[in-house]
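Asker: Got a predicted model here, sequence first, then my questions.
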Amino acid sequence: MASRFLLSLAALAALPAFAQTAPDPTNAQAPTAPLDHRSSFEGYQRFEAEKPASWRASNRAVGAPAGRAVDTAPAAAPPPAAGPAGHKH
């Protein structure tokens, strides 16, 4: 049991040799890890405005309901509403 204790104690004593120490912040010549910089604009593509379509083409595109042909005739007026059946003054 004593030999196990001494072996464990020797292993613990060797641990600080493997530990990494931080560089001295007051030493300007201390080695440091290289900085890795990635620009936030990497892969940026400039906005290219498209030439707008004519207003007539735009109106035609949004004026017709989906799947229906454009009707160029003016809309007919709705028939006059009839009063309630059996109602008299």
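Answerer: Cool, got the structure.

Asker: Low-confidence regions, this structure specifically.
Answerer: Within the chain, the stretches falling below the threshold (pLDDT under 70) are 1, 9, 12-20, 64-75, 82-89.

Asker: the helices in this protein, which residues?
Answerer: Per DSSP state H, the chain carries helices over the ranges 2-18, 55-63.

Asker: quick one: residue 22 from residue 33, how far?
Answerer: Using Cβ to Cβ, to the nearest Å, residue 22 is found at 12 Å from residue 33. C-beta coordinates here come from the backbone N, C-alpha and C atoms, glycine included.

Asker: With residue 57 instead?
Answerer: Counting by Cβ to Cβ, the gap from residue 57 to residue 33 is 59 Å.

Asker: who has more neighbours, those two?
Answerer: Neighbour totals were compared for residue 57 and residue 33, and residue 57 leads with 9 against 6 (other Cβ atoms under 10 Å).

Asker: And that one, how far from residue 63?
Answerer: 11 Å.

Asker: cool, and residue 24?
Answerer: Taken as Cβ to Cβ, the span from residue 24 to residue 63 is 75 Å.

Asker: go on, residue 37?
Answerer: Residue 37 is 52 Å from residue 63, by Cβ to Cβ.
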